[in-house]
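only geometry, no sequence info:
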């Protein structure tokens, strides 16, 4: 055996075994328990166009996040004006990005203007007819920054929710004009997915207003500082919707911003699920203080404006834990826990485009893609066999090795196989034998020049390798650029193309040469079949 041949054979054997191990979970889902403990269990994930699922485009209502920001600014301005003893008549929100401030006289206006320059550089003030009536607006740069932050936070929140929902390889990315693309392969329950993704998940704890009459409030006489909210429930058997009104204090004593965990538990007495909340250290202190100061009062738990429960506080609650009870199904309790763990959306999201791809359509697409790949492989393989004889058979074996390596690479990287990805594999089949053709034609030329069999093989592989590397490296660079800057389908194509290029170079330059050395160097075949 030629020097170094044993090591080359060992490398090829190791790569082949490792590839087959990575492919096994994909081709055989029913693996024994011991396999998952010691061997890889990743499968090749199928994209939305192959597996079916949900395609949605969401639009975040960023004006709501600007309104919330300006509400905070108005409160901060009140505190600062009182602290600086600047007299004012009114501070009220004028629009989603502006506040109207009415000051007492010119001295207060000058002080207020100085205060804005020093402590609120993102705000500007302009008079509204009356010089002491000012319209305070956000600067365009600050407005764009808040919108961008809201979109980024919405994107991250949606991604966290979907990750906990258990979807393999979802496509979630930001698009132009404040839109978010969401693709969920394998998910068919559209309504449940929409509920999880779109729920604002604003959790608030508010005291029940027991000092005023609920009946009077329902007639329209709502006391200042109070509001009416409802507990809305639906009977799963009859579908009947019931609404129970509550008169609550407007001020939220605690919000879901301090939640670090939410889990589903089962009430052993009634065998009903409920959700337990765990607060961070700040939230735990606030909750303890709230319950201590309001013993024997009712504390309402509200999510997105719906009162889930309003239990009576019996005693101070320490330890940073609370419960949300209600007539939940198990799925409803799990979904509620998911959105609470993932956090509240900074702004409501609206679904502007929705499309469902059925699994049967995906199945038909897979079958069509597999047929196209097989036909391409057979056509190329038959041509190589007829034209190059035994050497063509070696090229065909390299083609099979290429396909194994591509599928193993998809499983190893946890990549998603899409319809454009199948097109990339089909293209790779044609490109894979291109390297073999270059090598074989070079070997033929060396034999015509009178060289011996092994000398022609060595010269053919040596001289063609540089050309093969040059051609494939440039294609690989293009594939990597497509992956980096392309969208979902383009990236699917780039993944399989990149893996195919690397695999074909390895088999054509390295594996095929080892086989030729074995046949014509070690086994001493006399006639080169090419």
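Looks like it came in fine. These numbers come from a predicted model, not from an experiment.

From now on I want contacts and neighbour counts done on CA atoms only, so please keep to that.
OK.

Break down the stretch 151-300 of the chain into its helices, ranges please.
Along the stretch 151-300 of the chain, the stretches classed as helices by DSSP state H, counting those that start in this stretch are 190-198, 214-218, 281-293.

Can you spell out the domain ranges of this structure, please?
The chain breaks down by automatic domain parsing into domains covering 5-51+358-522, 63-139, 199-355.

Compare the ones you listed and give me the one nearest residue 150.
Closest of the domains of the chain to residue 150 is domain 199-355, at 5.8 Å (criterion: C-alpha to C-alpha).

got JSON lines for the helices of the stretch 151-300 of the chain, with mean pLDDT too?
Formatted as JSON lines, those follow (pLDDT from 0 to 100):
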{"stretch": "helix 190-198", "mean pLDDT": "80"}
{"stretch": "helix 214-218", "mean pLDDT": "91"}
{"stretch": "helix 281-293", "mean pLDDT": "88"}
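
Now distance to residue 163 too, for these, in JSON lines please.
Shown next, in JSON lines, are those (distance: least, C-alpha to C-alpha, whole Å):
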{"stretch": "helix 190-198", "distance to residue 163": "11"}
{"stretch": "helix 214-218", "distance to residue 163": "42"}
{"stretch": "helix 281-293", "distance to residue 163": "25"}
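
and residue 436, which of the ones you listed is closest to it?
The nearest among the helices of the stretch 151-300 of the chain, by C-alpha to C-alpha, is helix 190-198 at 49.0 Å.

Go ahead and measure how far that closest one is from the middle of the chain.
Between the centre of helix 190-198 and the centre of its chain there are 15 Å (C-alpha atoms, centre = their mean, to the nearest Å).

List the contacts of that helix.
54, 158, 161, 162, 187, 335, 338, 339, 348, 349, 350, 356 (C-alpha atoms under 8 Å, 6 or more residues apart in numbering).

about what we covered before: can I get the domains of the chain in TSV including distance to residue 166 and mean neighbour count?
Shown next, in TSV, are those (distance: least, C-alpha to C-alpha, whole Å; neighbours: other C-alpha atoms under 10 Å):
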stretch	distance to residue 166	mean neighbour count
domain 5-51+358-522	13	18
domain 63-139	28	16
domain 199-355	11	17
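
Which one of those domains lies nearest to residue 147?
domain 63-139 (7.3 Å).

follow-up on the earlier one: just the contacts of helix 190-198: which are in strands?
If you go by DSSP state E, the contacts of helix 190-198 have 54, 349, 350, 356 in strands.

So residue 154 sits against residue 201, correct?
No: contact criterion C-alpha atoms under 8 Å: residue 154 and residue 201 do not qualify, at 11.8 Å.

Between these two, which contacts overlap?
residue 345.

Could you export the domains of the chain as CSV, including distance to residue 529?
Shown next, in CSV, are the domains of the chain (distance: least, C-alpha to C-alpha, whole Å):
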stretch, distance to residue 529
domain 5-51+358-522, 5
domain 63-139, 73
domain 199-355, 55
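
Quick one: closest of those domains to residue 174.
Comparing the domains of the chain under C-alpha to C-alpha, the one sitting nearest is domain 5-51+358-522, at 10.8 Å.

Residue 425 sits in which helix or strand?
Assigned by DSSP states H and E, residue 425 belongs to helix 419-448.

Which strands or helices does whatever helix or strand comes next after that helix pack on?
Heading C-terminal from helix 419-448, the first helix or strand you meet, by DSSP H and E, is helix 453-485. Other elements packing on helix 453-485 under the criterion 3 or more C-alpha pairs under 8 Å, 6 or more residues apart in numbering; DSSP states H and E are helix 419-448, helix 488-505, helix 512-517.

Just the mean pLDDT for the first one, thanks.
This means helix 419-448. What helix 419-448 shows for mean pLDDT is 85.

between it and helix 488-505, how many degrees?
Calculated by axes from the mean of the first three to the mean of the last three C-alpha atoms, to 10 degrees, helix 419-448 forms an angle of 20 degrees with helix 488-505.

circling back to that earlier point, to residue 170, which of the domains of the chain lies closest?
Among the domains of the chain, domain 5-51+358-522 sits nearest to residue 170 (C-alpha to C-alpha), with 8.5 Å.

looking at this protein, which helix or strand is least sure?
helix 48-51 (a mean of 76; mean pLDDT, DSSP states H and E).

Check which helices and strands it sits against.
Using 3+ C-alpha pairs under 8 Å, 6+ apart, helix 48-51 is in contact with strand 179-185, helix 359-388.

Turn those into a markdown table, columns for mean pLDDT and distance to residue 310.
Formatted as a markdown table, the helices and strands packed on helix 48-51 follow (pLDDT from 0 to 100; distance: least, C-alpha to C-alpha, whole Å):
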| stretch | mean pLDDT | distance to residue 310 |
| --- | --- | --- |
| strand 179-185 | 85 | 36 |
| helix 359-388 | 78 | 44 |
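
Mind putting these into JSON lines with distance to residue 264?
Shown next, in JSON lines, are the helices and strands packed on helix 48-51 (distance: least, C-alpha to C-alpha, whole Å):
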{"stretch": "strand 179-185", "distance to residue 264": "24"}
{"stretch": "helix 359-388", "distance to residue 264": "31"}
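
Would you mind telling me which of these is nearest residue 290?
The nearest among the helices and strands packed on helix 48-51, by C-alpha to C-alpha, is strand 179-185 at 38.3 Å.

what's the closest one in contact with?
46-48, 51-60, 155, 167-175.

Low-confidence regions, the chain specifically.
The model of the chain has pLDDT under 70 over residues 1-4, 168-169, 236, 326, 342, 344, 358-363, 365, 487-488, 526.

Which elements pack onto the helix or strand containing residue 132?
In this assignment (DSSP H and E), residue 132 forms part of strand 130-138. With contacts defined as 3+ C-alpha pairs under 8 Å, 6+ apart, the packing partners of strand 130-138 are strand 98-103, helix 106-119, strand 123-128.

which one of the helices of the stretch 151-300 of the chain lies closest to residue 19?
Across the helices of the stretch 151-300 of the chain, closest to residue 19 is helix 190-198 (C-alpha to C-alpha), at 35.4 Å.

returning to what we had before: out of the contacts of helix 190-198, which comes closest to residue 258?
After measuring those against residue 258 - C-alpha to C-alpha - the closest member comes out as residue 339, at 13.7 Å.

Hmm, residue 203 and that closest one touching each other?
No: using C-alpha under 8 Å, residue 339 makes no contact with residue 203, being 10.1 Å away.

residues contacting residue 199?
304, 339, 345, 348 are the contacts of residue 199 under C-alpha under 8 Å, 6+ apart.

Mind checking which of these land in helices?
Here DSSP state H is the test, and these give residue 339 as lying in helices.

any chance of the contacts of residue 199 in a markdown table, with distance to residue 400 too?
As requested, those are arranged in a markdown table below (distance: C-alpha to C-alpha, whole Å):
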| residue | distance to residue 400 |
| --- | --- |
| 304 | 56 |
| 339 | 46 |
| 345 | 49 |
| 348 | 51 |
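
Mind telling me the two of the contacts of residue 199 farthest from one another?
339 and 348 (13.4 Å).

Isn't residue 528 up against residue 453?
Yes: here residue 528 reaches residue 453: they are 6.6 Å apart, a contact under C-alpha under 8 Å.

List phi and psi for residue 97.
When read as degrees, to the nearest 10, the backbone of residue 97 gives phi -130, psi 20.

ok, now which ones touch it?
Taking C-alpha under 8 Å, 6+ apart as the criterion, residue 97 is in contact with 66, 67, 70, 137, 138, 143.

hmm, try it at 7 Å
66, 67, 70, 137, 138 (C-alpha atoms under 7 Å, 6 or more residues apart in numbering).
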